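Colleague: any chance you could fold what I've pasted below:
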Amino acid sequence: MDVFPNAEYELVYFCVGENRYIVERTMEVEPRASLQAGGIGIWHRVDARLVNNNNDEDPNPNKSERRQAALFWEMNKWFVVKTA
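Modeller: Below you'll find the model as predicted:
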């Protein structure tokens, strides 16, 4: 996450298990509860692409793995819920 002086922020990466994803587009941000995780926080719906753990290169450029995910910020932690 990049945080700016005016307290705005932008999601850049997230990890699911051993996989690291770069956020290509944030589509929605709103207060919401997670029915799957049982928490309440700020919900972010994003489009993301799998990248290598140490750089932004696609591990398999011929078949990019893309996903849509919901990320929640709750108090002092992030968690990810797979949406597609």
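Colleague: measure Asn60 to Met27 for me?
Modeller: Separation of Asn60 from Met27 (Cβ to Cβ, to the nearest Å): 25 Å. For every residue, glycine as well, the C-beta is placed using N, CA and C.
Colleague: kindly apply the preceding question to Gln68 instead.
Modeller: Distance of Gln68 to Met27, computed by Cβ to Cβ: 8 Å.
Colleague: so Ala69 sits against Phe14, correct?
Modeller: Yes - between Ala69 and Phe14 there is a contact at 7.1 Å, judged by Cβ atoms under 8 Å.
Colleague: so what sits against both of these two?
Modeller: 21, 46, 48, 80 (Cβ atoms under 8 Å, 6 or more residues apart in numbering).
Colleague: does the second one touch Val23 like I think?
Modeller: Yes - using Cβ under 8 Å, Val46 is in contact with Val23, at 4.8 Å.
Colleague: Val29 pairs with what?
Modeller: In this entry, Val29 is beta-bridged to His44, by DSSP bridges.
Colleague: how many neighbours does it have?
Modeller: 15 (other Cβ atoms under 10 Å).
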